[in-house]
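1. one predicted model, sequence on top.
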2 protein chains.
Amino acid sequence: MNGAAAVSAGAGGGDLAWLEQVVFDAAGLVPVIAQSMDDRRVLMLAWADRAALEQTQRSGFATYYSRSRGRHWRKGEESGNTQRVHEMRLDCDGDAVLYLVDQQGGVACHTGRASCFFRRLEDGAWKITDPVLVDPATIYPRASA
Amino acid sequence: MNGAAAVSAGAGGGDLAWLEQVVFDAAGLVPVIAQSMDDRRVLMLAWADRAALEQTQRSGFATYYSRSRGRHWRKGEESGNTQRVHEMRLDCDGDAVLYLVDQQGGVACHTGRASCFFRRLEDGAWKITDPVLVDPATIYPRASA
């Protein structure tokens, strides 16, 4: 396998019947949860269209559809914090997907934190519980210029 | 605390300012990931409106909004497989919520499996990887009648 992620199609790569079982919403999107293989933290929730799922399966790297930018987006394409996908899972209704990933750099969030879910409800307020591990200015040098 | 879940509001329970920081979609909903406190498995993805989040915080039990039934739904209200919520988390954009739960009965999925994400993509097909732990007919006796 030469380190290829488990999701890679191998010899049967031309068959996309699995995509027919995914239920996309009216906008052609499905929510995708990214979870760390390492410590099982939930890292983020993003969206994928059919092409993003196909690209994820083909490449072994988490690909999403950015609703704000209106285009596909390979996680880490700017920051270098890619997500190697070891498993793709589908839920019972077919309308939610789970990626189990190795998070390059240990930072999934654009704020420089491990997970996007860095706020916890405590006494009726969202409290930040997680430290910034990497200065966002060093993750996105162009954006900060 | 007498066993009250960590999310309970306590003395400050009247203040719902935390709900103002949640970004709901055009339908007034936000996706909610339920993750097991115990083994960190992702159990399901469902949806909540403002009232469902408030009810979850007040009661300490996971409450959702069922898009198919068009009403609120306390997880386990039929099956008994409730979810005691220990943490509610919000992501960086405010448009996704994470419940960390104790899953009563160890079965979150209506198919009788631990998790709704019981299918894994293998060689271009979704393969069922998880066993049925409880006969669905015994979970939903009325539905099967």
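-> Structure received.

2. and stretch A:99-117, average pLDDT?
-> The average pLDDT within stretch A:99-117 is 97.

3. what about that stretch and chain B, any contact?
-> Yes - using CB under 8 Å from any CB of the partner chain, we find that stretch A:99-117 touches chain B at A:109, A:110, A:111, A:113, A:116, A:117. For every residue, glycine as well, the C-beta is placed using N, CA and C.

4. alpha carbons of that stretch, as CSV, please.
-> Provided in CSV are the C-alpha atoms of stretch A:99-117 (Å, rounded to 0.1, in the frame of the first residue of the first chain):
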residue,chain,number,x,y,z
TYR,A,99,-13.5,11.4,8.2
LEU,A,100,-11.0,9.8,10.6
VAL,A,101,-7.8,11.8,10.0
ASP,A,102,-4.2,12.3,10.9
GLN,A,103,-4.1,16.0,11.4
GLN,A,104,-0.7,17.3,10.1
GLY,A,105,0.8,19.8,12.6
GLY,A,106,-1.8,19.0,15.2
VAL,A,107,-3.8,22.1,14.4
ALA,A,108,-7.1,21.9,12.6
CYS,A,109,-8.5,25.3,13.5
HIS,A,110,-7.6,28.5,11.7
THR,A,111,-7.2,30.1,15.1
GLY,A,112,-4.2,27.9,15.7
ARG,A,113,-5.9,25.5,18.0
ALA,A,114,-6.1,21.7,17.8
SER,A,115,-9.8,21.7,17.3
CYS,A,116,-12.4,24.2,16.1
PHE,A,117,-14.5,23.2,19.1
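
5. in chain A, what residue is nearest chain B?
-> Per CB to the nearest CB, residue A:40 is where chain A lies closest to chain B, at 3.5 Å.

6. what pLDDT, on average, does stretch A:137-145 get?
-> pLDDT averaged over stretch A:137-145 gives 65.

7. picking that back up, widest-spaced pair of the residues of stretch A:99-117 next to chain B?
-> Farthest-apart pair in those is A:110 and A:117; separation 13.2 Å (CB to CB).

8. neighbour-wise, which of the two wins?
-> residue A:117 (28 against 17; other CB atoms under 10 Å in any protein chain shown).

9. please list all residues in contact with the more buried one.
-> A:42, A:43, A:44, B:89, B:90, B:91, B:96, B:98 (CB atoms under 8 Å, 6 or more residues apart in numbering or on different chains).

10. return the subset of the residues you listed lying in strands.
-> Judged by DSSP state E, the contacts of residue A:117 include A:42, A:43, A:44, B:89, B:90, B:98 as members of strands.

11. grab the nearest non-local neighbour of the second one.
-> Distances taken as CB to CB, 6 or more residues apart in numbering or on different chains place residue A:108 nearest to residue A:43, at 3.8 Å, with adjacent residues excluded.

12. how close does that neighbour sit to residue A:37?
-> 12 Å (CB to CB, to the nearest Å).

13. and these two? Which one has more around it.
-> Neighbour count, other CB under 10 Å: between residue A:108 and residue A:37, residue A:108 has more, with 28 against 15.

14. same question for stretch A:30-37, mean pLDDT?
-> 98.

15. center of chain A, which residue is that?
-> By CA atoms, centre = their mean, the mean C-alpha position of chain A lies nearest to residue A:34, the distance being 4.5 Å.

16. hang on, isn't it packed against residue A:102?
-> No - if you go by CB atoms under 8 Å, residue A:34 and residue A:102 don't touch, sitting 10.6 Å apart.

17. using the three-state scheme, assign the residue nearest to the centre of chain A.
-> strand (DSSP: H, G, I helix; E, B strand; the rest coil).

18. for it, give the beta-bridge partners.
-> With DSSP bridges applied, residue A:34 shows beta-bridge pairing to residue A:44, residue A:99.
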